[in-house]
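[1] Model the following, please.
(chains A and B)
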Protein chains: 2
Amino acid sequence: MTESGLAERVLKGDERSAGRLISLIEEGTEEGYRELRGLFPFTGKAQVVGITGPPGAGKSTLTGGLALAFSKQGKKVGVVACDPTSAGGTGALLGDRLRMKNAEKRGIFIRSMAHRGFHGGVARAAAGAVYVLEGLGKETILVESVGAGQAEKGLSSLCDTVVILYTPDYGDEIQLLKAGLMEIGDILVVNKGDLPGAAEAVGELSRAAGSRPAAGGWTAPVVATRADRGEGLAALAEAIEGHWRFITRAGLEERRRAKIASLLASLLREEVWRRFGGAVEGSAAWARIAGEAMDRRIDPYSAVEAIMGKTSFFIEGEGPGEKRA
Amino acid sequence: MTESGLAERVLKGDERSAGRLISLIEEGTEEGYRELRGLFPFTGKAQVVGITGPPGAGKSTLTGGLALAFSKQGKKVGVVACDPTSAGGTGALLGDRLRMKNAEKRGIFIRSMAHRGFHGGVARAAAGAVYVLEGLGKETILVESVGAGQAEKGLSSLCDTVVILYTPDYGDEIQLLKAGLMEIGDILVVNKGDLPGAAEAVGELSRAAGSRPAAGGWTAPVVATRADRGEGLAALAEAIEGHWRFITRAGLEERRRAKIASLLASLLREEVWRRFGGAVEGSAAWARIAGEAMDRRIDPYSAVEAIMGKTSFFIEGEGPGEKRA
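    A predicted model of the protein is given here:
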C-alpha cells in the first residue's frame, strides 16, 4: 500500500518501524506523513490518556508507575513523553526510570518527543506518535506533557482522558490552577500526598469539581497519590478506566470528532503561520517596516497593521478570503 | 495630538487614564492602539524586569516584595501581572497582597492582565501595558508571568532583565528547567530557601550558569530568597540593578532592537493567524475537508495539506508570497 512499507510493518506490531516512523514525523518529512496516511484508518481504538501538571508535580514518576500498573493488568501500553524544554529532558528521565523497571520486557513502548516550535508543533508531532502507537496495537497510551496554558489545550485535543497533577504546596496558586486546569481535567490527582496540606487540597479540589460537573454529567474524581512509592496508583488506574466506561457510554464518537476538530485547528494554525508568516517575514516590505519599529519611529502594533494592509489572501473558488479591515 | 487625549493624560502621570488605556488595549480596540501610537516615542527609559517560574514557586509574593523594595529606594514602580489562566487569578492575588501593604500609597501602579488567546495574545496586551507604564513615568516595571515554554520567550522579548524562580523541591525536573529556562534567565532565584535542598539547588544552578555565560559575558547570578519573609530581596534588587548596569554598558540599544524584533514576530504571528486562519477556517472548502477528517476518511495532516493547496497569498508589489509546495 505505502511506498516504504513502514505503515504495514507498524500494523504488524514492529516496534522498530514504529520508532522510525515517529522520527520521520518529528522531522516533518514527506515520507512520515505519507506513511501515517496508511495508518490513520486503523486508529481510534486505544484509550489515550494525557498526564499533565506543572514542573515538580511528579509527572514522570506517576506516568511510569501508571504504565507499569496497566501493563500488569495485561494491557498493551505505550508512552509518549513530550519534553517541555528540550530533547533529553523529561522524556529521557522517564525512559531511564522505566528502563530500570524492565519496562521494555513488559512490552511498554516509550517514546520521548522533542518540543518543536510553537504549540502547534507539539500537537503535530505528539498526535503523529499517538497514531503510530495505535497502529502498533497499543490499548492504553499515556501522553505526558508539561502543564501550561495552550499546551494543555493541545493535550486535551489529543486525549480521551486528561489527568491533572497537583501537589499540596501550591498555596494561593491552587485557586487559579483550579480555574484554568479544571476545564480540561477529567481526573484530578494530588501527588506528594505526604506533604502538609494534602488532605485540604483533596477536599478543596473535590468541592470545586463537584460544583461544576463537565458536559454529560462527569464529575472529575480527585485521587491522592504518592507516585514515588506507588501509593494511590491502583485507585488512579481505576479512575481512568471509570472515565473510559463513562465516555464510551456517553458517546465516544461525538467526543472524538470534537477533539479531531480541535487538533485540526491547531495544525492549521501552525501551517498558516509557517507558510504565510514566513512569506511576510521574508518580504522587503516587512524588513523596511520592522526597521522603523526597531528605531521606535513606529510602534509595533502599527507596524503589524501596516504590513497586513499590504497583504491579500485567496481561497480557490471562494474569492478573497480577507479584505482590508 | 491624539483624539481622546488619553495618551497626553498618561504622559502627565494620570494613573486613571493609564488604567483606562490598558483596558482599551486589552480589549483590542482601535482607540487603544491609536493612543498607544502617541505614547511609543516616549518609551524605552524604564528597566523592564520579567519575573517568571512555575506555579507554586512564589512569584506573586516575590514580585510584591520587590515592588516595595524598589519603591523604598525612591523608584517609581509599576507592576504588570499576567494571569496564566483567567482573570482574577495571580494578578488579583498580587494586587490584594500589595494593597494590604499600602502599595498604592507608595505610588506603585499595579495592573493584572487577563490571559488572552494564544501566546501572541499575552505579548500583545502585556507589551501595551508596559508601554503605558513607561509613558506614565515608571522607572522600574515588574512583569510577572507564569513560566512555560513560549510564554517565557514572549516575556523575554518584553523585558530588559528576566528573573527566573526555582524552588528546591523540583527534583529531577530541575535538570530540564535549567536547560530550558537558563537560556532566557538573566538572574536565577531559589525561592523557599528554607526547604531542604536549597543550598544544593543554589550550587547546582550556579555551576550551570557559570558554565554558560550569556552573550557579552554576563553570568547569571543565583540568589536565594524567602520571599514570604522578605529575606534575600535586597540582594535580588541589587542583582537586578547590577544587570541594568551591565546591559547599559554592553549596549542597551542593540539589545532592545533585538527584543523589539522578537515582539514584532509574535504580534505578526498572531495577526496572520487571526486574519488568514480565520478566513481558512470559515471557508466552505475547509468545512468539507475537516468533515472528512472527523469521519477518519482523511488524516488531519493530509486535511491541512489539502486546504493549504487551495490557498494563495500576495504581498503588494512583491508578487506571490507563497507558491504551492
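[2] lowest-pLDDT helix or strand in chain A?
    strand A:320-322 (a mean of 49; mean pLDDT, DSSP states H and E).
[3] Tell me which stretches of the stretch 1-150 of chain A form strands.
    If DSSP state E, counting those that start in this stretch is used as the criterion, the strands of the stretch 1-150 of chain A fall at A:47-53, A:77-82, A:109-113, A:140-146.
[4] Name the strands paired with the last one and say parallel or antiparallel.
    To tie it back to what came earlier, the one meant is strand A:140-146. strand A:47-53 (parallel), strand A:77-82 (parallel) (DSSP bridges).
[5] quick check: angle from it to strand A:109-113?
    Per axes from the mean of the first three to the mean of the last three C-alpha atoms, to 10 degrees, the angle that strand A:140-146 makes with strand A:109-113 is 30 degrees.
[6] For strand A:140-146, list the C-alpha coordinates in PDB.
    This file holds the C-alpha atoms of strand A:140-146, laid out as PDB (Å, rounded to 0.1, in the frame of the first residue of the first chain):
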ATOM      1  CA  THR A 140      -3.600   2.300  26.600                       C
ATOM      2  CA  ILE A 141      -1.500   5.300  25.500                       C
ATOM      3  CA  LEU A 142      -0.100   7.700  28.100                       C
ATOM      4  CA  VAL A 143       0.900  11.100  26.900                       C
ATOM      5  CA  GLU A 144       2.900  13.000  29.500                       C
ATOM      6  CA  SER A 145       3.200  16.800  28.900                       C
ATOM      7  CA  VAL A 146       4.100  19.800  31.000                       C
END
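[7] For A:Pro300, which residues are in contact?
    Listed by C-beta atoms under 8 Å, 6 or more residues apart in numbering or on different chains, the contact partners of A:Pro300 are A:293, B:127, B:260, B:263-264, B:267. C-beta here means a position set from N, CA and C on the backbone, and glycine is covered the same way.
[8] Show me which of those is closest to B:Glu27.
    Checking these against B:Glu27 with C-beta to C-beta, the nearest one is B:Ala127 at 15.1 Å.
[9] Test my guess that the closest one contacts B:Ser145.
    No: applying C-beta atoms under 8 Å, one finds B:Ala127 not in contact with B:Ser145, separated by 11.9 Å.
[10] hmm, back to that, for A:Glu253, which of the strands of the stretch 1-150 of chain A is the nearest?
    strand A:47-53 (14.3 Å).
[11] touching chain B at all, stretch A:281-298?
    Yes: Stretch A:281-298 is in contact with chain B by C-beta under 8 Å from any C-beta of the partner chain, via A:281, A:283-286, A:290, A:293-294, A:296, A:298.
[12] Any chance you could list what contacts that stretch?
    With contact meaning C-beta under 8 Å, 6+ apart, stretch A:281-298 is reached by A:280, A:299-300, A:303, A:306-307, A:310, B:40-41, B:43-44, B:257, B:260-261, B:264-265, B:268, B:315-318, B:321.
[13] Quick check: which element contains A:Ser312?
    With secondary structure defined by DSSP states H and E, A:Ser312 is part of strand A:311-315.
[14] How about that strand and chain B, touching?
    Yes: part of strand A:311-315 sits close enough to chain B to count as contact by C-beta under 8 Å from any C-beta, namely A:311-315.
[15] low-confidence ranges in chain A?
    Across chain A, the stretches falling below the confidence threshold (pLDDT under 70) are A:1-3, A:55, A:83-105, A:114-123, A:146-153, A:169-183, A:212-215, A:319-325.
[16] which non-adjacent residue is nearest the residue nearest to the spatial centre of it?
    Nearest to the centroid of the C-alpha atoms of chain A, with distances taken as C-alpha atoms, centre = their mean, sits A:Leu155, at 2.8 Å. Using C-beta to C-beta, 6 or more residues apart in numbering or on different chains and skipping the chain neighbours, the partner closest in space to A:Leu155 is A:Gly50 (4.3 Å).
[17] residues near A:Asp14, how many?
    Burial measure for A:Asp14: 15 neighbouring residues, criterion other C-beta atoms under 10 Å in any protein chain shown.
[18] so what's it closest to, chain neighbours aside?
    With C-beta to C-beta, 6+ apart as the criterion, A:Asp14 has its nearest non-adjacent residue at 8.0 Å, and that residue is A:Leu136.
[19] That neighbour touches A:Phe109, doesn't it?
    Yes: because the distance of 6.7 Å satisfies C-beta under 8 Å, A:Leu136 is recorded as touching A:Phe109.
[20] and A:Ser112, how many neighbours?
    Counted by other C-beta under 10 Å, the residues lying close to A:Ser112 total 20.
[21] Give the bridge partners for it, please.
    The partner list for A:Ser112 in beta bridges (DSSP bridges) reads A:Ala81.
[22] Can you tell me how far it is from A:Leu11?
    23 Å (C-beta to C-beta, to the nearest Å).
[23] sorry, back to before: okay, the strands of the stretch 1-150 of chain A in JSON lines with distance to B:Thr161 next?
    Converted to JSON lines, those look like this (distance: least, C-beta to C-beta, whole Å):
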{"stretch": "strand A:47-53", "distance to B:Thr161": "29"}
{"stretch": "strand A:77-82", "distance to B:Thr161": "30"}
{"stretch": "strand A:109-113", "distance to B:Thr161": "32"}
{"stretch": "strand A:140-146", "distance to B:Thr161": "25"}
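[24] Nearest approach to B:Lys75 belongs to which of these?
    When the strands of the stretch 1-150 of chain A are ranked by proximity to B:Lys75 (C-beta to C-beta), strand A:140-146 comes first, at 35.0 Å.
[25] Of the strands paired with strand A:140-146, which is nearest A:Gly210?
    Between those, strand A:47-53 lies closest to A:Gly210; by C-beta to C-beta that is 20.6 Å.
[26] Tell me which residues are up against the closest one.
    For strand A:47-53, the surrounding residues in contact (C-beta under 8 Å, 6+ apart) are A:59, A:62-63, A:66, A:130, A:134, A:139-147, A:151-152, A:155-156, A:158-166, A:181, A:189, A:191, A:240, A:244.
[27] Does chain B have contacts with the host helix or strand of A:Ala250?
    In this assignment (DSSP H and E), A:Ala250 forms part of helix A:233-272. Yes: residues of helix A:233-272 are located near chain B by C-beta under 8 Å from any C-beta, namely A:257, A:260-261, A:263-265, A:267-269, A:271-272.
[28] Helices of the stretch 51-200 of chain A, start to end?
    With DSSP state H, counting those that start in this stretch, the ranges of helices along the stretch 51-200 of chain A come out as A:59-72, A:90-100, A:119-135, A:150-158, A:173-181, A:198-211.
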